[in-house]
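Peer 1: attaching a predicted model along with its sequence, questions to come.
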Amino acid sequence: MSDAIARPVHSLRVVSASRARAEGCTRSTVARLVRSGRWHQICHGVYLVGWPGPRPRWRELPVVTRVEAALALHGPDAVVSHRSAAWLHQLPEPPGTDATVHLTLPPGRERHQLPGMALHLRRLRADDVTTLTANASLAPEPMPCTTLEQTLADVLRTWGDWAAVSALDHALCQRLVDDSAPSVLEPRLWRQRGATDARRRLRLGDGRAQSPLETRIRLIAVAARIPPDELQLPVHDASGHLLGYGDLAWHRPDGRTLVVEADGRRWHEAPEAVLHDRRRANGFVGTGRIDMVRFVWDDTRRPSYVEGVLREHLSRR
C-alpha cells in the first residue's frame, strides 16, 4: 500500500452520506456539490472533499484516505485488519504496490466484495481491537484496527514466508513484542486457515535481524540447510576495539568466519554510508580472520545465486 502519491492529505476529508445529513446537508445539497466538482463520490454513499481536479481513481488516493473511505462505507462494525493494519502499525510490507484496503467484519454482516477492498469475516474479541491514528496531520480521528498481536497473527497466516517473517522480525527487533510472542500469538492461530504455515513462520522469527533484507538472506540460508551461526556478530580488532557488527556470520572449520552484509538501498547507497561501509569492511578483513560477502535486494530474487555464493565460501579451507 505504499503507492500513495504525494498530495496535501491534511486538506482531504471523507464524508459519508449519513454524516453529511447529520451536519445539515440535504440530498439535493450533496448532489449539487458533486455536480460542481467540490465533492467526489468515491464509493456508494461516501464522498471525498478537498480533492483538486477531477474525480480520482481508487489507487490515486493516499492510503489513509482509502482506509477512511472503506470504514465509512462498511459502518461501525468494520475493523482495519491484515495488510492495512500492518501499514497502520508501521510493519514492513510485502514488496510491490497494493491499493486494497483490508477490513474484518463480524459474521452476519456479509457484504459484496468491492474492487479495492477485501472483507474478512471473523468475530474479533474486544482485546483484539484497538484504535490507531495514522498521523495527526493526515487523519486526526483514530481508526478501529486489530491490535499488533492480532495483526501479526493475520500476517503470519496470509503473507508469504519472506514478508511474514520480516514483519515478525521487525516487531521483535523494535521491542513491539517480546520473546514471549510465540505463546501470545499461538492461541490466535487456533483453527484458522493457514495456521500450519503461520506456526512454522513463527518459529523462524529472530529479533536480531535489523532489516527485511537480512531476514530474506537468512531464510534462503535456512532453506538451503546452511543457517548462519550468529546474527549481529561483534567484530573487534587486535586491540579489542569494536569495529562493528556483521549482519550474518558463519564460523568455518578452518577458524575463519564468513560475514555476510545486507546492503539495503535506503541506507547503504547514501554517499556517507558507502564510505562507512568501505572503512568497516577494510577493518573486518584486516583482522586476518574474516571473509566478507555482500548481497543486495536483487540478489535475493535468485535464491540459487545466494545459496551458491554461500556454499562456495563455506567450502573453502
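Peer 2: Okay, I see it. Just so you know, these numbers come straight off a predicted model, no measurement behind them.
Peer 1: low-confidence ranges, the stretch 51-200 of the chain, go.
Peer 2: 110, 135-140 (pLDDT under 70).
Peer 1: in it, which spans are strands?
Peer 2: Along the stretch 51-200 of the chain, counting by DSSP state E, counting those that start in this stretch, strands occupy 79-80, 101-105, 117-121, 129-132, 143-146.
Peer 1: so which of those strands gets nearest L231?
Peer 2: strand 143-146 (29.0 Å; C-beta to C-beta). For the C-beta atoms, the positions are set from N, CA and C on the backbone; glycine is no exception.
Peer 1: which strands or helices does the closest one pack on?
Peer 2: Judged by 3 or more C-beta pairs under 8 Å, 6 or more residues apart in numbering; DSSP states H and E, strand 143-146 is in contact with helix 63-74, strand 79-80, helix 82-88, strand 129-132.
Peer 1: deepest-packed of the strands of the stretch 51-200 of the chain, please.
Peer 2: The highest mean neighbour count among these, using mean count of other C-beta atoms under 10 Å, belongs to strand 79-80: a mean of 27.
Peer 1: who touches that strand?
Peer 2: For strand 79-80, the surrounding residues in contact (C-beta atoms under 8 Å, 6 or more residues apart in numbering) are 67, 71, 88, 101-105, 124, 129, 132, 143-146.
Peer 1: now for those residues: which two are most distant?
Peer 2: L105 and L132 (18.2 Å).
Peer 1: and stretch 17-32, average pLDDT?
Peer 2: For stretch 17-32, mean pLDDT rounds to 90.
Peer 1: list the buried residues for that stretch?
Peer 2: Neighbour counts over stretch 17-32 (16 or more other C-beta atoms under 10 Å) mark 17, 20, 25, 30 as buried.
Peer 1: what's the most distant pair in the residues you listed?
Peer 2: A17 and C25 (8.8 Å).
Peer 1: how about stretch 45-63: buried residues?
Peer 2: 46-48, 50-51, 56, 58-63.
Peer 1: between those residues, which is nearest I226?
Peer 2: Using C-beta to C-beta, the buried residues of stretch 45-63 come closest to I226 at V63, 38.5 Å.
Peer 1: how near is that closest one to L88?
Peer 2: V63 sits 9 Å away from L88, going by C-beta to C-beta, to the nearest Å.
Peer 1: which neighbours do the two share?
Peer 2: The contact lists of V63 and L88 share A134, where a contact means C-beta under 8 Å, 6+ apart.
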